[in-house]
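Novice: coordinates for the following, if possible.
(one chain, ligands or ions: 1)
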Amino acid sequence: MKYNFFDIHSHFNLDSFDGDLNVVIESHKEKSIGTICVGVDKATSEKAKSLAGEHEHIFACVGLHPDNVTEEEFDTEFYKDIAMNPKVVAIGECGLDYFRIDPNDHVGKDTQKEVFKQQIELALYLDLPLMLHIRPSQNSYDAYLETLEILEEYKKENPKLKGNSHFFVGTKEIADRFLEIGFTVSFTGVITITSDYDEVVRHVPLDMMMAETDAPFVAPKSHRGKRCEPYMVEEVYKKIAELKGLSLEEVQTVFAENRKRVFGIPN
Ligand SMILES: [Zn+2]
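Specialist: Numbering: from 1, shown residues only. Okay, here's the model as predicted:
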């Protein structure tokens, strides 16, 4: 299948799509828009895998979101089993989320780190990339710095470790540390709403970045007020092209190569 645009991170597996899921999936097929449907726990990972199995233009990512580690223990056998499916292209979303927890909750942070490491081990075992969810606490880059410490340590022993930092909202320096270990970063519709990330978008080489929507969250500027859907990723491609002074076609070509290299999804 040739994709016009590809959204590397979205959630057709969440409640907001319950009412019209089939219609929405069909309209994306007609527009030749592909996406990776990302799990956040067992149930949504299972659903992502099923949707990917039923639809050529949907791929799956399975794992346990850091916000959910208090509700669910990481069941390695369960995730290993579903990740064997050929349409499962990554492990996650996993990582550290310090936005919603008490800054002094050291036990909570340690639990997140432990579960994150289990998912790194699984990704290495299956030779799959990680889909990282990293959200620092307010006015801080804490979760980025602590995630990078863990990844840099693993990378020394495991040169094959790879992945993408989803919903990137870090600095140029943080981006550089991801690039250093061969990880890409992906940007959402947020870059169409604020100019806060213009500099980092210009800084990261095109072959080390990707575009996503995180649908149903954060519709890009021209669709504000609507439920976000993967086709809106076109706005993110366009904004990246504009910021980098490139044609839309160049961005489409390089992003197709990136997707193939990182997730094994050819155009
Ligand atoms: Zn997500």
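Novice: residue closest to the middle of this protein?
Specialist: The centre of the chain sits closest to H166, judged by Cα atoms, centre = their mean, with a distance of 3.8 Å.
Novice: nearest spatial neighbour of it, skipping sequence neighbours?
Specialist: Nearest residue to H166, sequence neighbours excluded (Cβ to Cβ, 6 or more residues apart in numbering): H9, at 4.9 Å. Where you see a C-beta, it was placed from the backbone N, CA and C, and this is true even at glycine.
Novice: so H9: helix, strand or coil?
Specialist: What DSSP: H, G, I helix; E, B strand; the rest coil gives for H9 is strand.
Novice: pLDDT at the residue lying closest to Q118 once chain neighbours are set aside, what is it?
Specialist: Spatial nearest neighbour of Q118, excluding adjacent residues (Cβ to Cβ, 6+ apart): F74 at 4.8 Å. F74 carries a pLDDT value of 96.
Novice: distance of F74 from T171?
Specialist: To T171, F74 is 30 Å away according to Cβ to Cβ, to the nearest Å.
Novice: likewise for A123?
Specialist: A123 sits 25 Å away from T171, going by Cβ to Cβ.
Novice: those two - which one has more neighbours?
Specialist: Taking other Cβ atoms under 10 Å, A123 and T171 do not tie; A123 has more neighbours (26 against 15).
Novice: so the closest residue to that one other than its chain neighbours, which of the three states?
Specialist: Using Cβ to Cβ, 6+ apart and skipping residues adjacent in sequence, the residue nearest A123 is I91, 4.2 Å away. Following three-state DSSP, we place I91 in the strand state.
Novice: residues touching I91, list them.
Specialist: Contacts of I91 were listed using Cβ atoms under 8 Å, 6 or more residues apart in numbering, and they are 61-63, 79, 83, 119, 122-123, 126, 128-131.
Novice: got the CA positions of the strand or helix carrying A43 in CSV?
Specialist: Per DSSP states H and E: A43 is located in helix 42-54. What follows is helix 42-54, C-alpha atoms only, in CSV (Å, rounded to 0.1, in the frame of the first residue of the first chain):
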residue,chain,number,x,y,z
LYS,A,42,-3.3,-4.9,28.1
ALA,A,43,-6.8,-4.3,26.8
THR,A,44,-5.7,-1.5,24.4
SER,A,45,-2.7,-3.4,23.2
GLU,A,46,-4.8,-6.4,22.4
LYS,A,47,-7.2,-4.1,20.5
ALA,A,48,-4.4,-2.5,18.6
LYS,A,49,-3.2,-5.9,17.6
SER,A,50,-6.7,-6.9,16.4
LEU,A,51,-7.2,-3.7,14.4
ALA,A,52,-3.8,-4.2,12.8
GLY,A,53,-4.7,-7.8,11.9
GLU,A,54,-7.9,-6.6,10.2
